[in-house]
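Trainee: any chance you could fold what I've pasted below:
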Amino acid sequence: MDEINHGEKKGIALKKSADSDVGSSFAIDDSTNMESSHSEENGSPGYHQLNPGPMSEAAKQKERDFRKKLNQAARAIVSDSIHKNVKLIVHRPDYDQKNQQEYVSLSKSLMPIVLEIARKTLPLLEHEISSEFARNHYYGSKFQADSVAYKDFRYFTKKRPPTESPSLVVGLRVDESASMSAFGRLEAAKRAIIAVYEFCQLCHIPILIYGDTADVSKMEQMSIFAYADFDKADSHDRFRLMRISARSNNRDGMALRIMAERLAAMPEETKLLISISDGQPKAMDDYTGSYAAFDMQQTIQEYERKGITFLAAAIGQDKDVIGKIYGNERFLDITDLNEFPSKLVRLIARYL
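Mentor: Now for the predicted structure:
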């Protein structure tokens, strides 16, 4: 796992990892040229500029190598399934200044909610952080963290020993089918994913966030978008999330299988995989109806035996179909999209 650079002592907020010490991972490191010199009255950070710095050739090569690794792993996972002949590409989305601005805009109203749930969830967050953590801003004016980051993301400071780390890993699967563009579903999904991502950073929970779509072209029958991956945690992943889009069809069973296998290999005791979708599975040539439903149910049963807990957050018109596929015990009917972020974060908090 790549080393995270320490923030300089010049007002640049600390770049956090999923397993670094207490503090919101909303803070950005120096490489983005994104300075936070003060906090707004509502606790959200005030930024002067949003100019992502150019990626070095070495960093670009590491991204290419990681993307190649993800492609090889995903293809191996489905090699003995009904999806073995489906032409798959795993993408590692980039981000730009517009994505940064969108993230800041969407997250402003969410962070107070996330922080409040985190305070109630982890007793450590209910108290002021001692003066040893007072040198760097991370979010708002209450909580602060020391500028320490670790190479392998598995070490903790004295304030957060390993025995206090929650034994939970979370996977978020996002349906990026074309119908997600309707009725504000896509923005609702983004807001919920932002809230979950930041909550997991605060609580040191490894998180995997993948989007997927099908039938982009004959040469790319299945597309996976790796927005956040616990094998290469990056504080800029929050900006990649803004690349989530409504695209084409959806081959749900294949996406679930790839993510479930990744989660099953993790050491955490509780492995939670949440699928955010607005419709039933449908992909060319015949991945639809009872055939697709059976594949999904078989995948769920197979990986539940391996310790994966599945949940389906249904935000569209096919709620009844999704409910039947997943079963009532795994089904979340999201009627009010405005409540989706807080509802999802509170749900995850119950597994801590």
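Trainee: could I get stretch 226-246 in PDB with only the CA atoms?
Mentor: What follows is stretch 226-246 as a C-alpha-only set of coordinates in PDB (Å, rounded to 0.1, in the frame of the first residue of the first chain):
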ATOM      1  CA  ALA A 226     -13.400   1.500  -8.700                       C
ATOM      2  CA  TYR A 227     -14.000   4.800  -6.800                       C
ATOM      3  CA  ALA A 228     -12.600   3.700  -3.500                       C
ATOM      4  CA  ASP A 229     -10.600   0.600  -2.700                       C
ATOM      5  CA  PHE A 230      -9.200  -0.500   0.700                       C
ATOM      6  CA  ASP A 231      -6.100  -2.000  -1.100                       C
ATOM      7  CA  LYS A 232      -5.100   1.500  -2.200                       C
ATOM      8  CA  ALA A 233      -6.700   4.000   0.200                       C
ATOM      9  CA  ASP A 234      -6.400   7.600  -1.100                       C
ATOM     10  CA  SER A 235      -7.900  10.700   0.400                       C
ATOM     11  CA  HIS A 236      -8.700  11.900  -3.100                       C
ATOM     12  CA  ASP A 237     -11.100   9.000  -3.500                       C
ATOM     13  CA  ARG A 238     -13.900  11.300  -2.300                       C
ATOM     14  CA  PHE A 239     -13.500  13.300  -5.500                       C
ATOM     15  CA  ARG A 240     -13.600  10.200  -7.700                       C
ATOM     16  CA  LEU A 241     -17.100   9.600  -6.200                       C
ATOM     17  CA  MET A 242     -18.300  12.600  -8.200                       C
ATOM     18  CA  ARG A 243     -17.700  10.600 -11.400                       C
ATOM     19  CA  ILE A 244     -20.700   8.300 -10.500                       C
ATOM     20  CA  SER A 245     -23.000   8.600 -13.500                       C
ATOM     21  CA  ALA A 246     -26.100   7.200 -15.200                       C
END
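Trainee: average pLDDT for it?
Mentor: Confidence over stretch 226-246 (mean pLDDT, whole number) is 95.
Trainee: oh, and call the first residue 263 from now on, that's how I've got it
Mentor: All right, first residue 263 from here; so that's stretch 488-508.
Trainee: and that stretch, how far from the chain's centre?
Mentor: Centroid separation for stretch 488-508 versus its chain: 7 Å, with Cα atoms, centre = their mean, to the nearest Å.
Trainee: before we move on, what about stretch 493-510?
Mentor: 8 Å.
Trainee: quick one: terminal-to-terminal distance for it?
Mentor: Criterion Cα to Cα, to the nearest Å; first-to-last residue distance in stretch 493-510 is 28 Å.
Trainee: buried residues, it. List them.
Mentor: 493-510 (16 or more other Cβ atoms under 10 Å). Where C-beta positions appear, they are placed from N, C-alpha and C, glycine not excepted.
Trainee: what do you get for stretch 591-601?
Mentor: Arg592, Phe593, Leu594, Ile596, Leu599.
Trainee: so how far is Lys324 from the second one?
Mentor: When Cβ to Cβ, to the nearest Å is the yardstick, Phe593 and Lys324 sit 39 Å from each other.
Trainee: again with the last one
Mentor: If you measure Leu599 against Lys324 using Cβ to Cβ, the figure is 37 Å.
Trainee: tell me the phi and psi of Met484?
Mentor: Phi and psi for Met484, reported as degrees, to the nearest 10, are phi -140, psi 130.
Trainee: name whatever forms a beta bridge with it.
Mentor: Beta bridges link Met484 to Leu350, Ala476 when assigned by DSSP bridges.
Trainee: give me the neighbour count for it.
Mentor: 25 (other Cβ atoms under 10 Å).
Trainee: same question, Tyr459
Mentor: Neighbour tally, Tyr459, other Cβ under 10 Å: 26.
Trainee: can you report how many residues neighbour the nearest residue to Leu535 once chain neighbours are set aside?
Mentor: Excluding its sequence neighbours, the residue lying closest to Leu535 (Cβ to Cβ, 6 or more residues apart in numbering) is Gly433, at 4.3 Å. By the criterion of other Cβ under 10 Å, Gly433 has 25 neighbours.
Trainee: what bridges to Gly433?
Mentor: Here Gly433, judged by DSSP bridges, has bridge partners Leu470, Leu535.
Trainee: and it, what pLDDT?
Mentor: So, for Gly433, pLDDT stands at 98.
Trainee: same check on Ser286?
Mentor: Looking at Ser286, the pLDDT reads 37.
Trainee: returning to what we had before: could you export the buried residues of stretch 591-601 as JSON lines, including pLDDT?
Mentor: Shown next, in JSON lines, are these (pLDDT from 0 to 100):
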{"residue": "Arg592", "pLDDT": "93"}
{"residue": "Phe593", "pLDDT": "86"}
{"residue": "Leu594", "pLDDT": "85"}
{"residue": "Ile596", "pLDDT": "85"}
{"residue": "Leu599", "pLDDT": "84"}
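Trainee: which ones among those lie within strands?
Mentor: Phe593, Leu594 (DSSP state E).
Trainee: show me where the stretch 313-462 of the chain has helices.
Mentor: Remark: helices assigned in the stretch 313-462 of the chain by DSSP state H, counting those that start in this stretch are 319-339, 359-369, 373-383, 447-464.
Trainee: which other helices and strands does the first one contact?
Mentor: Yep, that's helix 319-339 we're talking about. strand 350-353, strand 482-490, helix 514-526 (3 or more Cβ pairs under 8 Å, 6 or more residues apart in numbering; DSSP states H and E).
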